[in-house]
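In: Predicted coordinates and the sequence they were generated for:
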Amino acid sequence: MSGRQGGKAKPLKAPKKEKKDLDDDDLAFKERQRKEAAELKAAQKVAQQKGPMGGGGIKKSGKK
């Protein structure tokens, strides 16, 4: 009996990714993405402090 008879087989290792040389356009794009993510995070923080929007939901008439 071999050591790995049953069970899940180990996945093969993926080859290492080559580092790319980034040009000015790539650097500007990444910087813009970082800024947008920071702004979104700040907006989420402000929205959490204010509480739920609307607050009513579906109103029922009370008639049966």
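Out: Received, thanks. The model shown is predicted, which means the values in this text are computed figures rather than measured ones.

In: Regarding residue 29, what is its secondary structure?
Out: helix (DSSP: H, G, I helix; E, B strand; the rest coil).

In: what's around it, how many residues?
Out: 11 (other C-beta atoms under 10 Å). To be clear about C-beta, it is placed using only N, CA and C from the backbone, and glycine gets the same treatment.

In: distance of it from residue 44?
Out: 23 Å (C-beta to C-beta, to the nearest Å).

In: tell me the SS of residue 32?
Out: Secondary structure state of residue 32, per three-state DSSP, is helix.

In: so who does it touch?
Out: By C-beta atoms under 8 Å, 6 or more residues apart in numbering, the contact list for residue 32 is empty.

In: Low-confidence bits of the chain, can you list those?
Out: By pLDDT under 70, the weakly predicted segments of the chain are 1-6, 51-57, 63-64.

In: residue nearest the centroid of it?
Out: What sits nearest the mean C-alpha location of the chain, by C-alpha atoms, centre = their mean, is residue 37, with 10.2 Å.

In: So that one: helix, strand or coil?
Out: Three states are possible here, and by three-state DSSP the one that applies to residue 37 is helix.

In: List the residues that contact it.
Out: Taking C-beta under 8 Å, 6+ apart as the definition of contact, residue 37 has no neighbours.
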